[in-house]
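**Q** Sequence and predicted structure, then a few things I'm wondering about:
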Amino acid sequence: MMAPFIARHWHGHCPVENSEKFWAFLKNEVANIPGKLAAYIHHTETGDLAHFYVCTFWEDFDSLKEFSGDNVFAPVSDPFDIECGVVSDSIVSHFKTTVIKNPYQLSL
């Protein structure tokens, strides 16, 4: 059995009119997070909101803290989030897993 990894799940939303510019920004930001093992993003629009889901995988909480800071449950934000009207969930979820897999693909 492989050693467990940490999966970090974040969700935020913005007005649909800012969806394209935030989507482009988010893809670039997530691709360039140092220290992550892998990352997956899902984007969907419902009504007047665009929702963004990000799952990053980390070797352990020490490597995650280099990205998030000491409070691993706080979302990491950027000034561009404010420009796009992004509202982030107030906490970020973490799960132990032994598999690095895209959580946004349906697999039953």
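**A** Received, thanks. Numbering: from 1, shown residues only.
**Q** Show the contacting residues for the residue positioned nearest the centre of the chain.
**A** The chain has Val54 as the residue nearest its centroid, 2.6 Å off, counting by CA atoms, centre = their mean. Applying CB atoms under 8 Å, 6 or more residues apart in numbering to Val54 gives the contacts 9-11, 26, 30, 39-41. For the C-beta atoms, the positions are set from N, CA and C on the backbone; glycine is no exception.
**Q** ok, and it, which helix or strand is that part of?
**A** strand 49-58 (DSSP states H and E).
**Q** returning to what we had before: which non-adjacent residue is nearest the residue nearest to the centre of the chain?
**A** Nearest non-adjacent residue to Val54, counting by CB to CB, 6 or more residues apart in numbering: Trp10, 4.6 Å away.
**Q** I'd say that neighbour and Val86 touch.
**A** No - with contact defined as CB atoms under 8 Å, Trp10 does not reach Val86; the gap is 10.8 Å.
**Q** Would you pull up how far the longest helix belonging to the chain lies from the middle of the chain?
**A** For the chain, the longest helix by residue count, based on DSSP state H, is helix 19-31. Helix 19-31 has its average C-alpha position 11 Å from the chain's average C-alpha position, going by CA atoms, centre = their mean, to the nearest Å.
**Q** What lies in contact with that helix?
**A** Here helix 19-31 has contacts from 14, 39, 41, 43, 45, 50, 52, 54, 56, 78, 80-81, 84, 86, using CB under 8 Å, 6+ apart.
**Q** redo that, cut-off 10 Å
**A** Defining contact as CB atoms under 10 Å, 6 or more residues apart in numbering, one finds that helix 19-31 is touched by 10, 12-15, 18, 36, 39-41, 43-45, 49-52, 54-56, 76, 78, 80-81, 83-86.
**Q** swap in stretch 89-96?
**A** 3-13, 54-56, 58, 61, 64, 68, 71-76, 103.
**Q** repeat that with 7 Å
**A** 4, 6-12, 72-75 (CB atoms under 7 Å, 6 or more residues apart in numbering).
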